[in-house]
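[1] 3D model of this:
(one chain, ligands or ions: 1)
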Amino acid sequence: MSYVESYFEGDVHRDVESIVLPDGLRLEQRDEGLVLIGDEKRYGKPLSVDFAAGKAAHRRRFGGGRGQLVAKACGLAKGMTPYIVDATAGLGRDAFVLASLGAQVLLIERVEAISALLEDGLKRASRHSDTADIVARMTLRHGDAAQSLAELVASAHFSPQVIHLDPMFPHREKSALVKKEMRLFRELAGDDNDAPRLLEAALDVATHRVVVKRPRKAPPITGPAPQHTLEGKTSRYDLYVHRSLKVDR
Ligand SMILES: C[S@@+](CC[C@H](N)C(=O)[O-])C[C@H]1O[C@@H](n2cnc3c(N)ncnc32)[C@H](O)[C@@H]1O
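    Predicted coordinates for the structure are as follows:
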């Protein structure tokens, strides 16, 4: 167990029944795990986190390894595996990719229901032989990341090399056009309009770089200009670099 895991043990949300949800949504413990359910016509299928099957498993096996945009942005290269904080953890998809490539990742998520779904997914993945080693490198903390990062630094033994941010981007199109599977998630997460404050906090704490995922055509987050960008088909990474990452010893 890494020091981070033991440090955070017990800090993760466990009491699912007390979670307050928007009207019409509910969390249910089923055989396949914890699921978030809403009216199917409006929201489509229930939402849950499964790292051992589906898209996560496919991407783990065929996704392109360290050649993937998120890996390049976070500085994973031959001989370089930085310590990463994913300060906008969501359902943990990006963090799982980074951990599957060998990185230790601290995930921070402020929305209680999302954090509970993620915690449940991590727990189930820890019992699966394909994913146990990977999720052993992932540690979840529930709370606001700007505040958590400041507390962690104040505790004096914490200095993440890379901080990954993927705040929600406000959608302008009518809700009918937003993919059904995203609607449940959006209902919980909102628009993350305070992303500039989070970027500022991350820049204060990361020793090497902060990387921000944006839709390809979106402007950067309001604040200092990124020094570099990496473009993919639909998304882009803005890179704010303090200093270069050195090769592992
Ligand atoms: C677009 S989603 C991230 C998706 C994630 N990258 C993934 O791969 O599943 C953004 C998430 O960041 C969370 N978030 C935004 N600002 C935050 C903050 N200041 N502290 C903690 N979580 C935050 C939101 O609640 C939401 O769940």
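
[2] which residues touch the residue of the chain found nearest the ligand?
    When scored by CB to the nearest ligand atom, the chain has residue 90 as its residue closest to the ligand, at 2.5 Å. (Glycine included, C-beta is placed from N, CA and C.) Counting by CB atoms under 8 Å, 6 or more residues apart in numbering, residue 90 touches 109, 114, 118, 166, 185, 189.

[3] need the three-state assignment for the residue nearest the centre of the chain.
    With distances taken as CA atoms, centre = their mean, residue 89 lies nearest the centre of the chain, 2.3 Å away. With DSSP: H, G, I helix; E, B strand; the rest coil as the basis, residue 89 sits in coil.

[4] repeat that for residue 139.
    strand.

[5] residue 76 versus that one, what's the distance?
    Distance from residue 139 to residue 76, counting by CB to CB, to the nearest Å: 18 Å.

[6] which other helices and strands contact the lengthiest helix in the chain?
    Using DSSP state H, we find that the single longest helix of the chain is helix 112-126. Other elements packing on helix 112-126 under the criterion 3 or more CB pairs under 8 Å, 6 or more residues apart in numbering; DSSP states H and E are strand 26-30, strand 33-37, strand 105-109, helix 132-135, strand 138-142, helix 180-189.

[7] can we see that at 10 Å?
    Contacts defined by 3 or more CB pairs under 10 Å, 6 or more residues apart in numbering; DSSP states H and E place helix 112-126 against strand 26-30, strand 33-37, helix 93-100, strand 105-109, helix 132-135, strand 138-142, helix 180-189.

[8] most packed of those?
    Among the helices and strands packed on helix 112-126, strand 105-109 has the highest mean neighbour count (mean count of other CB atoms under 10 Å), at a mean of 28.

[9] partner strands of that strand and their direction?
    strand 84-86 (parallel), strand 138-142 (parallel) (DSSP bridges).

[10] CA atoms of that strand as CSV?
    Output of strand 105-109 as CSV, limited to C-alpha atoms (Å, rounded to 0.1, in the frame of the first residue of the first chain):
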residue,chain,number,x,y,z
VAL,A,105,-3.2,8.6,-9.5
LEU,A,106,-5.0,10.5,-6.7
LEU,A,107,-8.6,11.1,-7.9
ILE,A,108,-10.6,14.0,-6.4
GLU,A,109,-14.3,14.3,-7.1
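
[11] that strand and the ligand, are they touching?
    Yes - counting by CB under 6 Å from any ligand atom, the ligand has neighbours in strand 105-109: 108-109.

[12] and that strand, how far out from the chain's middle?
    6 Å (CA atoms, centre = their mean, to the nearest Å).

[13] what angle do helix 180-189 and it make with each other?
    Using axes from the mean of the first three to the mean of the last three CA atoms, to 10 degrees, the inter-axis angle of strand 105-109 relative to helix 180-189 is 70 degrees.

[14] angle of strand 105-109 against helix 112-126?
    Strand 105-109 and helix 112-126 are oriented at 150 degrees to each other (the same axes, to 10 degrees).

[15] about what we covered before: wait, which of the strands paired with strand 105-109 is closest to residue 242?
    Among the strands paired with strand 105-109, strand 84-86 comes nearest to residue 242, with 14.2 Å by CB to CB.

[16] what does the average pLDDT come to for stretch 42-59?
    What stretch 42-59 shows for mean pLDDT is 91.

[17] quick one: is that stretch near the ligand?
    No - using CB under 6 Å from any ligand atom, stretch 42-59 stays clear of the ligand, with a minimum separation of 8.8 Å.

[18] then that stretch to PDB, C-alphas only?
    Extracted C-alpha coordinates of stretch 42-59, given in PDB (Å, rounded to 0.1, in the frame of the first residue of the first chain):
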ATOM      1  CA  ARG A  42     -35.200  11.100 -20.700                       C
ATOM      2  CA  TYR A  43     -31.900   9.700 -19.400                       C
ATOM      3  CA  GLY A  44     -31.400   6.300 -21.100                       C
ATOM      4  CA  LYS A  45     -29.700   3.400 -19.300                       C
ATOM      5  CA  PRO A  46     -28.700   3.600 -15.700                       C
ATOM      6  CA  LEU A  47     -25.200   4.900 -15.000                       C
ATOM      7  CA  SER A  48     -22.500   2.800 -13.200                       C
ATOM      8  CA  VAL A  49     -18.800   2.400 -13.200                       C
ATOM      9  CA  ASP A  50     -17.200  -0.800 -14.600                       C
ATOM     10  CA  PHE A  51     -13.500  -0.800 -15.200                       C
ATOM     11  CA  ALA A  52     -13.300  -4.500 -15.900                       C
ATOM     12  CA  ALA A  53     -15.600  -4.600 -18.900                       C
ATOM     13  CA  GLY A  54     -17.000  -2.500 -21.800                       C
ATOM     14  CA  LYS A  55     -15.300   0.600 -23.100                       C
ATOM     15  CA  ALA A  56     -12.700   0.700 -20.300                       C
ATOM     16  CA  ALA A  57     -11.600  -2.900 -20.900                       C
ATOM     17  CA  HIS A  58     -11.500  -2.300 -24.700                       C
ATOM     18  CA  ARG A  59      -9.400   0.800 -24.300                       C
END
